[in-house]
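# Structural data only, the sequence is not supplied:
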Ligand SMILES: [Ca+2]
């Protein structure tokens with residue numbers, strides 16, 4: 001055609017033709033640019049963000065290097081905190097495993113979802129986070145400790161806890177055919193300490209502290225991270241978003257951990273808690289909390305426990321770090337929301353008490369880190385008072401999924417971005433006792449069957465909860481306000497949560 005033109009037309013026609021060609025080219029270029037733009041913009045909405053849920057068990061809220069802990073080293077979680085947002089006043093809706101986990105997965109409190117103690121099932125009709133995400137096209141997977149029936153939320157869950165779980169057992173059998181002990185408690189004999197509480201009561205297993213007979217690469221936390229990384233690799237080219245729940249048992253007891261973690265921290269250098277008294281023979285056992293195993297008054301055993309507990313935290317940090325690194329190496333970081341939390345903490349000798357189950361800070365407060373590129377980032381530290389009913393709605397909002405009616409928690413997005421004007425500054429927890437936190441105040445109300453007195457603390461003045469202010473005339477108004485807040489919360493009757501009709505994109 002160009003040839004025809006040069007031969008048979010005048011120069012004016014030629015210029016006109018060239019101009020037309022040029023314009024066509026411009027239009028075409030603009031069209032292509034627009035198409036590319038549209039494609040780029042469509043990608044994030046057509047493929048929702050992945051969710052990596054990292055969970056530790058019995059991980060005390062302040063045991064992070066980035067939180068200023070004087071001893072424990074957590075370089076990987078510190079990095080996550082610096083990349084995302086760290087919450088310093090997050091509470092578990094119950095200070096034991098199953099009820100707290102059930103709240104993380106429903107956004108509802110234990111007396112509503114029904115898992116009020118370990119080992120109980122949900123009330124009929126409760127909707128859990130993995131189910132909801134599945135209806136929005138997510139591939140869901142879990143590795144580690146669930147402690148929350150039913151397992152069928154995840155298609156092929158790899159459940160472990162304290163060495164249980166058939167896949168992990170099979171792995172151990174193949175790698176270490178002569179090993180016959182329990183992977184969570186088998187210690188090198190000369191390192192083993194068995195501590196039996198001097199308190200009388202039900203005879204419970206002693207505390208076990210020592211160096212594991214297993215090397216790190218065969219220990220449960222390493223296996224959990226390995227299987228999580230296997231799953232991530234299967235998702236590299238997937239069109240669908242994924243939800244991966246990586247749930248490690250440590251730093252939960254037993255305190256038998258592999259090297260180098262078992263001797264990483266020196267027992268002699270562990271500072272005993274201010275509220276620990278070696279001269280106390282036994283604490284007053286509450287009628288509904290007769291757990292003599294939780295009592296400790298031996299300073300040297302407590303120092304051993306602390307050194308091994310911190311070692312277990314660094315072990316968890318190391319293997320969670322490996323999972324985070326895999327997400328990065330697979331190029332998924334920019335499209336992945338990460339949350340790290342725990343189901344509750346550990347008293348670790350405060351008030352001569354181990355473990356959890358009480359409403360004091362080290363038991364009921366949890367670490368909470370959230371990272372979502374472009375939304376929650378930059379290492380912000382947020383001190384708003386909240387509980388873990390807030391985790392599920394926050395993840396849903398970050399994933400672009402509308403939060404269904406019936407969730408009792410609210411999304412943390414506004415608070416994490418610095419707007420606390422609408423935030424109520426409350427947290428609630430329930431086990432045998434009920435707890436309400438409102439701003440700096442904490443009220444603990446015992447169960448009706450318990451003879452214990454209510455407790456009221458001003459955490460701004462008394463962070464170790466030593467001075468019970470309940471009944472002080474000058475604080476009558478504050479006390480009334482907390483009691484009303486607690487009562488109102490306890491009477492909430494949220495509607496049943498419904499799954500969306502039909503699959504959503
Ligand atoms: Ca737990």
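Here it is on my side, so go on. Since we're looking at a predicted model, the values are computed, not measured.
# Determine the number of other residues adjacent to the residue of the chain found nearest the ion.
The chain approaches the ion most closely through residue 97 (3.4 Å), counting by CB to the ion. The C-beta positions use only the backbone N, C-alpha and C, and glycine is treated the same way. Using other CB atoms under 10 Å, residue 97 has 24 other residues around it.
# can you check residue 121 too?
By other CB under 10 Å, the residues close to residue 121 number 14.
# Next: residue 359.
Residue 359 has 27 neighbouring residues, counting by other CB under 10 Å.
# shouldn't it be in contact with residue 433?
Yes - under the contact definition of CB atoms under 8 Å, residue 359 touches residue 433, with a separation of 5.5 Å.
# joint contacts of the two?
Residues touching both residue 359 and residue 433 by CB atoms under 8 Å, 6 or more residues apart in numbering: residue 444.
# check which helix or strand covers the residue positioned nearest the centre of the chain.
In the chain, the residue lying closest to the centroid (CA atoms, centre = their mean) is residue 341, at 2.1 Å. In the assignment (DSSP states H and E), residue 341 maps to strand 336-342.
# check whether that strand contacts the ion.
No - if you take CB under 5 Å from the ion as the test, strand 336-342 misses the ion, and the best it gets is 7.6 Å.
# The spatially closest residue to residue 273 that is not a sequence neighbour: how many residues sit nearby?
Excluding the flanking residues, the one nearest residue 273 by CB to CB, 6 or more residues apart in numbering is residue 350, at 4.4 Å. Residues near residue 350, counting by other CB under 10 Å, number 21.
# for residue 350, what are its contacts?
For residue 350, the contact set (CB under 8 Å, 6+ apart) comprises 273, 275-276, 360, 362, 464.
# And those, which two are furthest apart?
Longest distance between any two of the contacts of residue 350 is 13.1 Å, between 276 and 360; criterion CB to CB.
# For the residue nearest to the residue nearest to the centre of the chain when sequence neighbours are not counted, give its distance to residue 380.
Of all residues not flanking residue 341 in the chain, residue 368 sits nearest, at 4.9 Å (CB to CB, 6+ apart). Distance, residue 368 to residue 380, using CB to CB, to the nearest Å: 13 Å.
# In three-state terms, label residue 428 for me.
Put simply, residue 428 is strand when judged by DSSP: H, G, I helix; E, B strand; the rest coil.
# pretty sure it is touching residue 387, no?
Yes - counting by CB under 8 Å, residue 428 does reach residue 387; the two are 5.8 Å apart.
# Would you mind listing what in the chain touches the ion?
Neighbours of the ion within the chain, by CB under 5 Å from the ion: 57, 97, 343.
# which of the residues you listed lies closest to residue 180?
residue 57 (25.1 Å).
# ok, the closest one - contacts?
Residues in contact with residue 57 (CB under 8 Å, 6+ apart) are 97, 145, 247-252, 342-343.
# and those residues as JSON lines, adding distance to residue 169, secondary structure and pLDDT?
Formatted as JSON lines, the contacts of residue 57 follow (distance: CB to CB, whole Å; DSSP: H, G, I helix; E, B strand; the rest coil; pLDDT from 0 to 100):
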{"residue": "97", "distance to residue 169": "21", "secondary structure": "helix", "pLDDT": "95"}
{"residue": "145", "distance to residue 169": "15", "secondary structure": "coil", "pLDDT": "91"}
{"residue": "247", "distance to residue 169": "18", "secondary structure": "strand", "pLDDT": "97"}
{"residue": "248", "distance to residue 169": "17", "secondary structure": "strand", "pLDDT": "97"}
{"residue": "249", "distance to residue 169": "14", "secondary structure": "strand", "pLDDT": "96"}
{"residue": "250", "distance to residue 169": "18", "secondary structure": "strand", "pLDDT": "98"}
{"residue": "251", "distance to residue 169": "22", "secondary structure": "strand", "pLDDT": "98"}
{"residue": "252", "distance to residue 169": "19", "secondary structure": "coil", "pLDDT": "97"}
{"residue": "342", "distance to residue 169": "25", "secondary structure": "strand", "pLDDT": "98"}
{"residue": "343", "distance to residue 169": "24", "secondary structure": "coil", "pLDDT": "98"}
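# so where do the helices sit in the stretch 251-400 of the chain?
Taking DSSP state H, counting those that start in this stretch as the test, the helices found in the stretch 251-400 of the chain are 299-329, 361-364, 391-398.
# So which of the ones you listed is nearest residue 125?
Within the helices of the stretch 251-400 of the chain, the stretch nearest residue 125 is helix 391-398; the backing value is 16.5 Å (CB to CB).
# So which elements touch the very next helix or strand once past the closest one?
Using DSSP H and E, the helix or strand that follows helix 391-398 in sequence is helix 413-416. With contacts taken as 3 or more CB pairs under 8 Å, 6 or more residues apart in numbering; DSSP states H and E, helix 413-416 sits against strand 380-382, helix 391-398.
# and among these, the most buried is which?
Comparing the helices and strands packed on helix 413-416 by mean neighbour count (mean count of other CB atoms under 10 Å), helix 391-398 comes out on top with a mean of 23.
# In strands, which of the contacts of residue 350 appear?
Using DSSP state E to define strands, no part of the contacts of residue 350 is located there.
# Name the nearest residue to residue 131, ignoring sequence neighbours.
Setting aside the residues directly before and after it, residue 131 is nearest to residue 153 in space (CB to CB, 6+ apart), at 5.9 Å.
# Surely the one you found and residue 140 touch.
Yes - counting by CB under 8 Å, residue 153 touches residue 140, with 6.8 Å between them.
# who touches both of the two?
With CB under 8 Å, 6+ apart as the test, residue 153 and residue 140 both reach residue 130.
# Starting from residue 223, give me the distance back to residue 213.
As judged by CB to CB, residue 213 and residue 223 stand 15 Å apart.
# and these two? which has more neighbours close in?
Between residue 213 and residue 223, counted using other CB under 10 Å, the more crowded position is residue 223 (24 against 18).
# Got phi/psi on that one?
For residue 223, the backbone dihedrals (degrees, to the nearest 10) come out as phi -60, psi -40.
# That one contacts residue 169, doesn't it?
No - contact criterion CB under 8 Å: residue 223 and residue 169 do not qualify, at 10.4 Å.
# Strand partners (parallel or antiparallel) of the helix or strand encompassing residue 444?
Taking DSSP H and E as the criterion, the element that holds residue 444 is strand 441-445. Sheet pairing of strand 441-445 (DSSP bridges) gives strand 434-438 (antiparallel), strand 455-458 (antiparallel).
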